[in-house]
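> structure, please.
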Amino acid sequence: MPRPLTSGATRASGLVSKHSSSSRRGSQRGRSTTTRAYAAVPSVVDESSDPIIVAASWLGAKQRPFSKYKQLWQSLGFHSIISARPPMSSIMVPAAGQLLAAKFTHRLLQTAQQRPNAPILVHLFSGGGFIFMGWVFQILSELEPHNAAAADVRSRIRGVIFDSSPADVTADVSSRALVAAALGRPAEGIEDELGWLVKPTAAVVEGYLKLPFIRTSLLGMEQSWLQQAPACPKLFLYSEADVLIQPGVVEGFMAEQQAAGSQTYCYKWSDSAHVDHYRKYPEEYKQQLARFVQQVLPEQQQQQQQGQQLGGAGADENV
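Next comes the predicted model:
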């Protein structure tokens, strides 16, 4: 059974949110024992402030499967979406990934300046999205001293959603992710089926990750999540069955985010594969997004309902 949207991590992990205000005993086997109570909040609609959705994909994502998430957000009433699909080179050649992140940051700043009242939600996937957005936050922080727009963007980020993320950047995880992305196939079972390719790839990656400039780049990205990312609410969607992103890594990162001042929520499945939660459980996935949005953007509830009824075309800027 999947885990419900909860405040903080599950009780089994020993993590408790510092900001949780209420909880109740779960009644279904396999579900979390702590649940955030969602209070009814009056809706205040501002037609000029439709939120901006920032979506950062897994490494090497193809446009067609990733576009399903754009459609998902549109079904929830959100039509302003800017997205990035980091290539595999993002992790192996940090300079290339940082250049792409800088280009994307510039586009985000432009979009935010055009719509100064719009709050921002970030939806990222796997290690690719985690690393990419870490660089974006790092760039925004570096721009802040001489660019008021950068500080404004960071202040308007109201929530971050992690799908099968964050990643523990190790040779083992990276090699399986790279081989899976290169071949366009699921990571589950890839080591058993293609061990002859995964093992030498892991050996090469292990040496590469030890290079000083690579270590410095990845360390800066990781630190940006603790020091430069906004301390806004964060939702983690993950699974016990994920062979790339271990639940313990996700729950450990949740604890770090709580310590840094963020309210955290989670929903944990027992059997969905890496970045496969929406495909396998579309209604549950959509429900968790809707609940999280209601929590972090209560003023948008009525606007979402209107958007679902009326539909509409939104700007989608891909990088």
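
> need the pLDDT of Trp73.
Model confidence at Trp73, given as pLDDT, is 97.

> do the same with Met88
79.

> same question for the one 4 residues further on.
Confidence per residue is given as pLDDT, and for Met92 that number is 75.

> show me the contact partners of the longest helix along the chain.
In the chain, with assignment by DSSP state H, the single longest helix is helix 94-114. If you take CB atoms under 8 Å, 6 or more residues apart in numbering as the criterion, helix 94-114 is touched by 52, 54, 80, 82, 84, 86-87, 89-91, 118, 120, 131-132, 135-136, 139-140, 143, 147, 149-150, 152-153, 156, 213-214, 217-218, 315, 317, 319. Using the backbone N, CA and C atoms, a C-beta is placed for each residue, glycine as well.

> strands paired with the helix or strand following that helix, and their directions?
Next along the chain after helix 94-114, taking DSSP states H and E as the criterion, comes strand 120-125. According to DSSP bridges, strand 120-125 forms sheet pairs with strand 52-56 (parallel), strand 157-163 (parallel).

> pull the residues that contact strand 120-125.
Residues from elsewhere that reach strand 120-125 (CB under 8 Å, 6+ apart): 51-58, 61, 69, 73, 78, 112, 130, 132-133, 153, 156-165, 275, 293, 296-297.

> what's the closest of the strands paired with strand 120-125 to Val243?
Among the strands paired with strand 120-125, the nearest to Val243 by CB to CB is strand 157-163 (15.4 Å).

> Ser67: how many residues sit nearby?
16 (other CB atoms under 10 Å).

> now it: how far from Ala55?
10 Å (CB to CB, to the nearest Å).

> could you do Ser75 as well?
In this structure, Ser75 and Ala55 are 14 Å apart, going by CB to CB.

> likewise Phe253?
Taking CB to CB, one finds Phe253 at 20 Å from Ala55.

> same thing with Glu240?
Glu240 is 25 Å from Ala55, by CB to CB.

> can you dump the C-alpha coordinates of stretch 232-251 into PDB?
Output of stretch 232-251 as PDB, limited to C-alpha atoms (Å, rounded to 0.1, in the frame of the first residue of the first chain):
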ATOM      1  CA  CYS A 232       9.700  26.400   1.500                       C
ATOM      2  CA  PRO A 233       7.500  23.400   1.900                       C
ATOM      3  CA  LYS A 234       8.800  20.300   0.000                       C
ATOM      4  CA  LEU A 235       6.900  17.200  -1.100                       C
ATOM      5  CA  PHE A 236       8.700  13.900  -1.700                       C
ATOM      6  CA  LEU A 237       7.100  11.200  -3.900                       C
ATOM      7  CA  TYR A 238       9.200   8.000  -3.800                       C
ATOM      8  CA  SER A 239       9.000   4.200  -3.500                       C
ATOM      9  CA  GLU A 240      10.400   1.200  -1.600                       C
ATOM     10  CA  ALA A 241      11.000  -0.500  -5.000                       C
ATOM     11  CA  ASP A 242      13.200   2.200  -6.600                       C
ATOM     12  CA  VAL A 243      16.500   0.700  -7.400                       C
ATOM     13  CA  LEU A 244      18.300   4.000  -8.100                       C
ATOM     14  CA  ILE A 245      17.000   6.200  -5.300                       C
ATOM     15  CA  GLN A 246      17.000   4.400  -2.000                       C
ATOM     16  CA  PRO A 247      14.200   5.400   0.500                       C
ATOM     17  CA  GLY A 248      16.900   6.000   3.200                       C
ATOM     18  CA  VAL A 249      18.500   8.600   1.000                       C
ATOM     19  CA  VAL A 250      15.200  10.400   0.500                       C
ATOM     20  CA  GLU A 251      14.300  10.300   4.200                       C
END
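
> average pLDDT across it?
93.

> what comes up buried for that stretch?
Buried residues in stretch 232-251, defined by neighbour count with 16 or more other CB atoms under 10 Å: 232-239, 242-245, 247, 249-251.

> same question for stretch 260-274.
Using 16+ other CB under 10 Å as the test for burial, stretch 260-274 gives Ser262, Gln263, Thr264, Tyr265, Cys266, Tyr267, Lys268, Trp269, Ser272, Ala273, His274.
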